[in-house]
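K.L.:
Predicted model, plus sequence, below.
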Amino acid sequence: MELVPKRRLSLLAGRSNLPLALEIANQLGVKLGDANLKEFSNGEIHCRFADSLRGADVFIIQTHAEPVNDSIMEQLIMIDAAKRASAKRIIAVCPYYGYSRQDRKASGREPITAKLLADMLTVAGAQRVVSVDLHSGQIQGFFDVPLDHLTAMPVLLDYLRKVGVQDLVIVAPDAGRVKVAERFSQNLGTDLAMVHKRRPKGTSNEVIALDVVGVVDGRRCVLIDDMIDTAGTITAAADLLMAKGATEVWAMATHGLLSGPAIDRLKNSILSKVVITDTVPISKDLYFDKLEVLSVAPIIADAIDAVFEDTSVSELFDGENQS
């Protein structure tokens, strides 16, 4: 007797960014499964899927947002539960990949936590990982399973095209973002500039903007970064650009972590607009007039569909998702 295997997609999500997960489910036209997540009285996380996952391709969506460690542990537990429920294939979807800034040893006796997290996901049972705009491309090499590196660039480019690109200059806030900023400028046909900065030794959230490479005088500048955390880099760069004669400065980033003093810094900064995506949830009480949040649900949904159908993910981005 010969059986034709029937493929089934199961979409599940942790609790860190349910609105995004629900939007992805709507884009795919599937129902978001129930993981029945809860905590024991001592804080331990429990998971029991409501439906059978036997033989299914299971996509587990969890952005590593605050509380970061709880979000990561929740996803690991869900992956383990899916493995023990006889899922055929388990794909971890991490719109924002936690600990991505700890991708190397910047000084002695430091961990490479981005690699540790990659190992944890693999050991838990993830056979593939999908993420959006990793802090550095080298993180792809930390995985012993396939990793699909998506980018929010199409969403941000569409936004800029709608508002107009006349007299626009794309600015990299530091040397590490030049390659990404160059892709934006090439797609839009605009000029490129870079802010030269220095981070005082021994600090992680302090930055000094020193000079600008490129012509920004009399131009509208858009700073492009992968994340805005405490907003120190972005606001320092914006101040320098205005001092160099820019008429207006915007900030655009994929991940709006907006931790610590970020909201106050952005509110009180000379930035005219701050544009981020919904890879990390932003509570309504944190919204302010300058802030705009774009959805990456269509991009992630297309990638999930491509992985499920075993078609190319990089073709969705014309190959520009490779760092």
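P.N.:
Nice, I can see it.
K.L.:
going forward, measure contacts between C-alpha atoms and count neighbours the same way
P.N.:
Fine.
K.L.:
Residue 15 in helix, strand or coil?
P.N.:
coil (DSSP: H, G, I helix; E, B strand; the rest coil).
K.L.:
Looks like it contacts residue 61 (just checking).
P.N.:
No: judged on Cα atoms under 8 Å, residue 15 makes no contact with residue 61 at a distance of 9.2 Å.
K.L.:
Those two: which has the busier surroundings?
P.N.:
Legend: neighbour count by other Cα atoms under 10 Å for residue 15 and residue 61, higher for residue 61 (27 against 18).
K.L.:
How about that one: which residues does it bridge to?
P.N.:
residue 13, residue 93 (DSSP bridges).
K.L.:
where does it land on pLDDT?
P.N.:
pLDDT recorded at residue 61 is 98.
K.L.:
To which secondary structure element is residue 279 assigned?
P.N.:
Counting by DSSP states H and E, no helix or strand carries residue 279.
K.L.:
Which residue is the nearest non-sequential neighbour of residue 76?
P.N.:
In space, and not counting its chain neighbours, residue 76 is closest to residue 124: 5.9 Å by Cα to Cα, 6 or more residues apart in numbering.
K.L.:
Dihedrals phi and psi, the one you found?
P.N.:
Residue 124 adopts backbone torsions of phi -60, psi -30, taken as degrees, to the nearest 10.
K.L.:
quick one: it and residue 320, what's the gap?
P.N.:
Using Cα to Cα, to the nearest Å, residue 124 is found at 30 Å from residue 320.
K.L.:
which residues in the stretch 151-300 of the chain form strands?
P.N.:
Listed in chain order, the strands of the stretch 151-300 of the chain (DSSP state E, counting those that start in this stretch) span 168-172, 191-198, 208-213, 220-228, 248-256, 273-277, 291-294.
K.L.:
Just give me the residue right at the centre of this protein.
P.N.:
Residue closest to the mean C-alpha point of the chain, counted by Cα atoms, centre = their mean, is residue 96 at 3.7 Å.
K.L.:
List the contacts of that one.
P.N.:
By Cα atoms under 8 Å, 6 or more residues apart in numbering, residue 96 lies in contact with 63-65, 131-134, 255, 279-280.
K.L.:
how does it look with 6 Å?
P.N.:
Contact analysis of residue 96 by Cα atoms under 6 Å, 6 or more residues apart in numbering lists 63-64, 279.
K.L.:
Any quick ChimeraX command for the buried ones out of these?
P.N.:
Of the contacts of residue 96, the buried ones go into a single ChimeraX selection, burial set by 16 or more other Cα atoms under 10 Å:
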select :63,64,279
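K.L.:
of the contacts of residue 96, closest to residue 52?
P.N.:
residue 63 (23.9 Å; Cα to Cα).
K.L.:
Three-state assignment for that closest one, please.
P.N.:
Assignment for residue 63 (three-state DSSP): coil.
K.L.:
was I right about it contacting residue 92?
P.N.:
No: contact between residue 63 and residue 92 fails when scored by Cα atoms under 6 Å: they sit 10.0 Å apart.
K.L.:
Residue 298 is in contact with residue 278, correct?
P.N.:
No: the criterion here is Cα under 6 Å, and residue 278 misses it with residue 298 at 11.5 Å.
K.L.:
So which of the two has more stuff around it?
P.N.:
residue 278 (21 against 16).
K.L.:
contacting residues for that one?
P.N.:
Residues in contact with residue 278 (Cα under 6 Å, 6+ apart) are residue 295.
K.L.:
Give the buried residues for stretch 62-78.
P.N.:
Applying a neighbour-count criterion of 16+ other Cα under 10 Å, one finds 62-65, 70-78 buried in stretch 62-78.
K.L.:
residues in contact with it?
P.N.:
Contact partners of stretch 62-78, identified using Cα under 6 Å, 6+ apart, comprise 13-14, 94-98, 124.
K.L.:
for the helix or strand hosting residue 81, what is the average pLDDT?
P.N.:
Using DSSP H and E, residue 81 sits in helix 68-84. The pLDDT scores in helix 68-84 average 98.
K.L.:
Which residue comes closest to residue 14 once chain neighbours are left out?
P.N.:
Leaving aside its chain neighbours, residue 14 sits nearest to residue 62 (5.2 Å; criterion: Cα to Cα, 6+ apart).
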